[in-house]
Every structure is written in C-alpha cells, then in structure tokens.
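pasting a predicted model and its sequence here:
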Amino acid sequence: MGAVLWQRGRGAGMAELSGGSEAVAVALWPPGEAPPAFQYSPESVAGADGELDPSEVTFPGCSCRSRSCAAPACPCLSRGHSYSSLGLLLAQQQQQQQPQPFSRPVFECNSLCCCGEGCQNRLVQRGLQLRLQVFRTPHKGWGVRALQPIPEGSFVCEYAGEVLGFAEAQRRIQAQSPQEPNYIIAVREHLHDGRVMETFVDPTRIGNVGRFLNHSCEPNLVMVPVRVDSMVPKLALFAAADIAAGEELTYDYSGRFRNVPGASRERKAPEEENSLRKPCYCGSRTCASFLPWDSSLFSTPASSL
C-alpha cells in the first residue's frame, strides 16, 4: 500500500491521522494540535537503502481448501506458533518473566495460500481493526490510547516504517541530535541454529500509528514478529492484558515484559553511555529511569566486529 501524508478528516473538526488508509480511522487529540508531518503507511516499506523489501513474496502458499486452516494439516501453522496458543503463552510469560511470549516464530497464511480471507491464520495482515487515538501527553510528547476496551491477546497494531539494513540504521541514529526523538527499533530473533536475525524499522519519515506508542517498564502491549509473505517480519503488538477504554497503550522498547521488581534490567552503563540516554517518564514501580538504549547502533565499524 502506498504511503500518504496524514491529513485532517472531515466532520466535527476531528483530525484523522491515517488519511483514510486504515480500515478504522485513527483519531487525533486535542483539536488544533498535530504532530510533525510524516508519511502515513499502514504497513512497512522498503527503506532508502533498498536492502530489504517487506512486500516481496518468497514463502510458498498452503493448499488448504477448508474455510480456515488447522494444524497439523496446514504447513503455515506447522512452521511455528499459532494464534490459538497466544493466551496460554502470555500467561506463562507473566508467571516466568520471560522476555518473549513466543519461542518459535509466527507464520500467517499468505497471498499464495489457497485458504480464504476468513482464515483464522490471517490476522496481522488485515491491519488495524480497533479504534485508537493519538493524543498529546503531559510529559512524553504524543502517545496512543484505546477508544474501546481491548481484550487480552487481541492484535492491536503493527509498528510500521522503513525496513533498514544495519548500516543505514546506524547511519541514521548517529546523525540524530540528542534532542531528536529516536523512532528506530531493533528486533533480534535467536534462531535454532544459533544465528541471530536482526530487523531494523524506522518510522521517522514513513510510519503508522505505532510510531506514537510510548515506552513503559510495565507495558500493556507485547511485540511479536509475525511473518506473512517473506522472512521480513511484521512487528505486531498484542494486548498483554485486558485494556480499558481511555487507557494509554505502551510497550517495552527493549523487548522485555513486566520485569521483576528489583531485578537488574541491564548492565551498568558507563557515564558516556548515560549521557546519550533519555530519561524514562513511564512512572511504573519498576521504572529503570532511562529509556532502553542499543549501544550497537552507536559503535564504530571496528568496535562492532
């Protein structure tokens, strides 16, 4: 889908952030205020470096002819976790304080599959289905809140932007001034053979509602990499608990989730690193004082070997 400049919607003075590109309007509050201009895209696009194209179709489709695919017959569901186990996995995660709810990846049925659009294994690819509002917060700039109750385990939105290679992600973050907000997220997945797969998404110039989500050390969302057509994942955010209408939506920028009170979240950072880090204003009882920070994106080529 093409990116569009966000624009003010018609009627009752309500601003609509997505320019009509989402199935559900993204509200903006308060009236008369707006974030800096950017291109709105409901899903991730290839970055300027052209290293990765998230729209490329490389996975084979399933031959399931049923109304909805089921394991173990469907090869897509057999590749990893299914959404039917999401509630159980979230419950286990909260009990064990594990960093990720999925030990294996999620593969949705894709554009080459024979199953229908109503298949239960097509969820994130349908895009935004909930009423959300981007709003001005007292201390954290812009944020996102729910305009309706969201049950635990529901898909909320994607964190969409430009998909970059490491070199371009590093170049961009090092070119930023300390006063500029950093939207680039680095997701690292540990594969069964010991390799680590990195995905860098930058919604600074092109992005969706997910770019306005704030960090919390006790978040109500959890990020899950979901693959549809290729190995480039969609960074999908799911409700980690029941969320009330009006509640701000947050996730942990580090990928952790609901850390044990008093536990050390990170190694002790040198003073030069702390000078680059931004304070955290989440206000939770386990607040780490600083926003998560990825030192690898600031390292020189020689020191990153």
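Received the coordinates, thanks. Numbers count the residues shown, from 1 in each chain.

helices of the stretch 201-305 of the chain, start to end?
Using DSSP state H, counting those that start in this stretch, the helices of the stretch 201-305 of the chain run over residues 271-274.

low-confidence stretches in it?
For the stretch 201-305 of the chain, applying pLDDT under 70 flags the ranges 255-276, 298-305.

run the last query once more with 80
255-277, 293-305 (pLDDT under 80).

how close does residue 224 sit to residue 108?
Using CB to CB, to the nearest Å, we find residue 224 at a distance of 11 Å from residue 108. Glycine gets a C-beta too; all of them are placed from N, C-alpha and C.

ok, residue 159 next?
Distance of residue 159 to residue 108, computed by CB to CB: 16 Å.

one more: residue 172?
Distance, residue 172 to residue 108, using CB to CB: 29 Å.

do the same with residue 58
From residue 58 to residue 108 the distance is 14 Å (CB to CB).

mind checking which of those two has more residues around it?
Between residue 58 and residue 108, counting by other CB atoms under 10 Å, residue 108 is the more crowded of the two (25 against 12).

which phi and psi does the closest residue in space to that one that isn't next to it in sequence have?
Distance criterion CB to CB, 6 or more residues apart in numbering; nearest residue to residue 108, sequence neighbours excluded, is residue 228 at 4.7 Å. Phi and psi for residue 228, reported as degrees, to the nearest 10, are phi -120, psi -70.

and residue 187, its phi and psi?
phi -110, psi 130.

can you get me a residue count around it?
16.

do the same with residue 132
Residue 132 has 25 neighbouring residues, counting by other CB under 10 Å.

dump stretch 151-170 to PDB, restricted to CA.
The C-alpha trace of stretch 151-170 is given here as PDB (Å, rounded to 0.1, in the frame of the first residue of the first chain):
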ATOM      1  CA  PRO A 151      -9.400  -8.000  25.500                       C
ATOM      2  CA  GLU A 152      -6.100  -9.700  26.400                       C
ATOM      3  CA  GLY A 153      -4.500 -11.400  23.400                       C
ATOM      4  CA  SER A 154      -6.000  -9.100  20.800                       C
ATOM      5  CA  PHE A 155      -3.900  -7.800  17.900                       C
ATOM      6  CA  VAL A 156      -3.700  -4.000  18.400                       C
ATOM      7  CA  CYS A 157      -1.500  -2.600  15.600                       C
ATOM      8  CA  GLU A 158       1.800  -3.000  13.700                       C
ATOM      9  CA  TYR A 159       4.900  -1.000  14.300                       C
ATOM     10  CA  ALA A 160       5.400   0.000  10.700                       C
ATOM     11  CA  GLY A 161       8.000   2.100   9.000                       C
ATOM     12  CA  GLU A 162      11.000   1.800   6.700                       C
ATOM     13  CA  VAL A 163      12.800  -1.600   6.900                       C
ATOM     14  CA  LEU A 164      16.500  -0.900   7.000                       C
ATOM     15  CA  GLY A 165      19.800  -2.800   6.900                       C
ATOM     16  CA  PHE A 166      22.200  -2.300   9.900                       C
ATOM     17  CA  ALA A 167      24.500   0.200   8.200                       C
ATOM     18  CA  GLU A 168      21.700   2.600   7.300                       C
ATOM     19  CA  ALA A 169      20.000   2.200  10.700                       C
ATOM     20  CA  GLN A 170      23.400   3.000  12.300                       C
END
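
quick one: buried residues of that stretch?
By neighbour count, with 16 or more other CB atoms under 10 Å as the criterion, the buried positions of stretch 151-170 are 153-164, 168-170.

which helix or strand contains residue 186?
Assigned by DSSP states H and E, residue 186 belongs to strand 185-190.

sorry, that was for residue 171
Using DSSP H and E, residue 171 sits within helix 166-175.

packing partners of that helix?
Where contact means 3 or more CB pairs under 8 Å, 6 or more residues apart in numbering; DSSP states H and E, helix 166-175 is packed against strand 196-202.
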